[in-house]
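Colleague: requesting a structural model of the entry that follows:
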Amino acid sequence: MAKRGGFPGGMPGNMNNLMKQAQRMQRQMEENQKELETKEFTAKAGGGAVEVTVTGKKEVTKVKLSEEAVDPDDIETLEDLVMAAANEALRMADAASADAMSKMTGGLSMGGGFPF
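Modeller: Reported below is the predicted structural model:
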């Protein structure tokens, strides 16, 4: 008679293989995340007048402004350029993260809007 709540004779080989694959994928995802966190993404705005660098952890590490970008009479433009460069650098970090996830899952979709 089968044990309650389990499979007769233990876990089937197929289920065991699935568990091993899931554990391997989890380890790879953790390694990829650590690697991504060390990368930097730089974006420019205003023809290179403003440059922002972020990490894969989405932390701003550098803001570089050219002299011509700094006009005391037009602070709004400078603010817009910094915001545009920062947002683009963050999009680059997100795209790299999504690309790494896609490589891990082979583009597999399990429905429900989840990309895995």
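
Colleague: now for the strand or helix carrying residue 31, which elements pack on it?
Modeller: Assigning secondary structure by DSSP states H and E places residue 31 in helix 13-38. Identification of packing neighbours for helix 13-38 by 3 or more C-beta pairs under 8 Å, 6 or more residues apart in numbering; DSSP states H and E yields helix 75-105. Using the backbone N, CA and C atoms, a C-beta is placed for each residue, glycine as well.

Colleague: could you pull up the mean pLDDT of the helix it packs on?
Modeller: Regarding helix 75-105, the rounded mean pLDDT is 91.

Colleague: pull out the buried positions in it.
Modeller: For helix 75-105, the neighbour count (16 or more other C-beta atoms under 10 Å) marks 78, 81-82, 84-86, 88-90, 92-93, 96-97, 100-101, 104 as buried.

Colleague: tell me how far the spatially most central residue of the chain lies from residue 51.
Modeller: Central residue of the chain (C-alpha atoms, centre = their mean): residue 97, 2.5 Å from the mean position. Residue 97 sits 21 Å away from residue 51 when distances are taken as C-beta to C-beta, to the nearest Å.

Colleague: next one: residue 101
Modeller: 27 Å.

Colleague: go on, residue 26?
Modeller: From residue 26 to residue 51 the distance is 36 Å (C-beta to C-beta).
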